[in-house]
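K.L.:
Provided below for reference: sequence and predicted model.
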Amino acid sequence: AHQWRGVIREYAERLPVTEATKVITLGEGGTPLVHAEKLSELTGSVVYLKVEGMNPTGSFKDRGMTMAMTAAVEAGAKAVVCASTGNTSASAAAYATAAGLKCAVLVPEGKISMGKLSQAIAHGATLLQVDGNFDNCLDIARKLGESYPVFLVNSVNPARIQGQKTGAFEVVDALGDAPDIHVLPVGNAGNISAYWKGYKEYSAPFESGTAGTLPAVSTKTPAMWGFQAAGAAPFVAGHPITEPDTIATAIRIGNPASWDTAVAARDESGGLIEAVTDEEILDAHRWLSSKEGVFVEPGSAAGVAGLIKKHAAGQVPTGKTIVITVTGHGLKDPQWALRTADGSDVQPVSVPNDVVSVANELGLDAK
Ligand code: F0G
């Protein structure tokens, strides 16, 4: 019987680890690549969803956190710190628990979802709500890492990007080659940087630290298509945004840390980074749950919103292979599912405790 061993053990030859490394893992990665039938019909290309909500803490952050926490232990750290819009804090808290380390997380007050807040608390992290936005939190976390005895596990730590690049490896391993286009949401811009790194490394011979030169696995690299929320779209503006705002709190970020590597991913891949409105994000969120059967959090739907928007503009090629990373689980921020397209709340229907009333309510006639 084979059980997936987590991204470090599955891809050890392509990560900065050795046989002696003490691996901190919760079995992350190995997530489903789901054929999106309705998006494929819509676009005339073959569209897949990389469902990262299936990671142990419900988001793609776990891929990077296994590496960051392994590095923290290797460095002899006793405590880790991160800034977060929610998912990084949930992941850091869980992996710090697995590593036996203390964990402090800084989040923007009132701007993270209840699910993510609960996870950080459940795993015993010290959670501080900062009177500021994510960019302010990250600024403080970096300064803490520099001047105090705490290990920074945000994606400015290169170990995080190393772990997250395995998402690209899994896509190629599943499809047999790289897709033509890879679509994903962009916030702090670590993930677009990480996927591009992974795709590049898989398309050329790779100098492994433990296994010599590995041959190329894919014949090509995809165009990277990133989408930001319109109220938090610094790459579209061409400069940082001081007051980012969007209902997609996961990507409510105005000053992305991985700016240069994200721009390089966009330009070297022949890709793009564009914006989608909150309304387009919520429409895509509803599309995924009601047409594809995949429940994501709003920020995760930004990539799908972007693909639908580009298709409407006649800018999505047909006959291609397109992968969209949907980054976090719908249960992280479930309130949006209970809101209808016109903005009103869904009220579940109450019925008496008998079969005839229930059948009537369902519009069923007796057989
Ligand atoms: N999707 C989700 C669900 C996220 O939580 C994030 C980032 C992104 C997309 C954007 O990824 O930052 O690599 O461009 N969340 C971070 C956090 C900032 O703190 O959880 P990115």
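P.N.:
That came through fine. Nothing here was measured: the structure is a model prediction, and the numbers come from that model. Numbers count the residues shown, from 1 in each chain.
K.L.:
specify the local secondary structure of Arg160.
P.N.:
What DSSP: H, G, I helix; E, B strand; the rest coil gives for Arg160 is helix.
K.L.:
can you pull the residues of the protein lying near the ligand?
P.N.:
Contacts of the chain with the ligand, taken as Cβ under 6 Å from any ligand atom, map to 59, 61, 84-88, 185-191, 250-251, 297, 299-300, 327-328. In short, each C-beta sits where N, CA and C put it, glycine included.
K.L.:
now, which of those residues lie within strands?
P.N.:
Among these, the ones falling in strands (DSSP state E) are Pro185.
K.L.:
now the end-to-end length of stretch 183-196.
P.N.:
Stretch 183-196 has its terminal residues 11 Å apart, counting by Cα to Cα, to the nearest Å.
K.L.:
any idea of the mean pLDDT for it?
P.N.:
Across stretch 183-196, the average pLDDT comes to 98.
K.L.:
kindly report the same for stretch 246-266.
P.N.:
Averaging pLDDT along stretch 246-266 gives 98.
K.L.:
what about it, start to end distance?
P.N.:
End-to-end span of stretch 246-266 (Cα to Cα): 23 Å.
K.L.:
return the set of buried residues in that stretch.
P.N.:
By 16 or more other Cβ atoms under 10 Å, the buried positions in stretch 246-266 come out as 246-258, 261-266.
K.L.:
in helices, which of those residues fall?
P.N.:
The members of the buried residues of stretch 246-266 that map onto helices under DSSP state H are 261-266.
K.L.:
which members of the residues of the chain next to the ligand occur in helices, if any?
P.N.:
Secondary structure from DSSP H places 61, 87-88, 190-191 of the residues of the chain next to the ligand in helices.
K.L.:
just confirm Ala337 contacts Leu288, I think it does.
P.N.:
No. Using Cβ atoms under 8 Å, Ala337 is not in contact with Leu288; the gap is 10.5 Å.
K.L.:
grab the nearest non-local neighbour of the residue positioned nearest the centre of the chain.
P.N.:
Residue closest to the mean C-alpha point of the chain, counted by Cα atoms, centre = their mean, is Thr327 at 3.0 Å. Closest residue to Thr327 apart from its sequence neighbours, by Cβ to Cβ, 6 or more residues apart in numbering: Ser300 at 4.4 Å.
K.L.:
got it, and Ile8?
P.N.:
Excluding the flanking residues, the one nearest Ile8 by Cβ to Cβ, 6+ apart is Val23, at 4.9 Å.
K.L.:
what of Thr210?
P.N.:
The shortest distance from Thr210 to any residue other than its chain neighbours is 5.7 Å, reached at Glu13 (Cβ to Cβ, 6+ apart).
K.L.:
please report how far the residue nearest to Ile8 lies from Thr85.
P.N.:
Using Cβ to Cβ, to the nearest Å, one gets 27 Å for the distance from Val23 to Thr85.
K.L.:
of those two, which one has the most company?
P.N.:
Taking other Cβ atoms under 10 Å, Val23 and Thr85 do not tie; Thr85 has more neighbours (25 against 17).
K.L.:
for that one, phi and psi?
P.N.:
phi -90, psi 0 (degrees, to the nearest 10).
K.L.:
part of a strand, is Ile322?
P.N.:
Yes. Applying three-state DSSP, one finds Ile322 inside a strand.
K.L.:
what residues are bridge-paired with it?
P.N.:
With DSSP bridges applied, Ile322 shows beta-bridge pairing to Val47, Ile181.
K.L.:
tally of neighbours for it?
P.N.:
Neighbours of Ile322 under the rule other Cβ under 10 Å: 25.
K.L.:
check contacts around it.
P.N.:
Contact partners of Ile322, counting by Cβ atoms under 8 Å, 6 or more residues apart in numbering, are 43, 45-48, 179-183, 307, 316.
K.L.:
closest one of those to the ligand?
P.N.:
Ranked by distance to the ligand (Cβ to the nearest ligand atom), these are led by Val183 at 12.0 Å.
K.L.:
Three-state assignment for the closest one, please.
P.N.:
Going by three-state DSSP: Val183 is strand.
K.L.:
residues contacting it?
P.N.:
Listed by Cβ under 8 Å, 6+ apart, the contact partners of Val183 are 225-227, 303-304, 306-307, 322-325.
K.L.:
quick one: strands adjacent to the helix or strand containing Glu274?
P.N.:
Assigned by DSSP states H and E, Glu274 falls within strand 272-276. With DSSP bridges as the test, strand 272-276 is paired with strand 223-229 (parallel).
K.L.:
return the distance of the following helix or strand past the partner strand from the chain's centre.
P.N.:
Downstream of strand 223-229, the next assigned helix or strand under DSSP H and E is helix 234-237. Helix 234-237 sits 20 Å away from the centroid of its parent chain (Cα atoms, centre = their mean, to the nearest Å).
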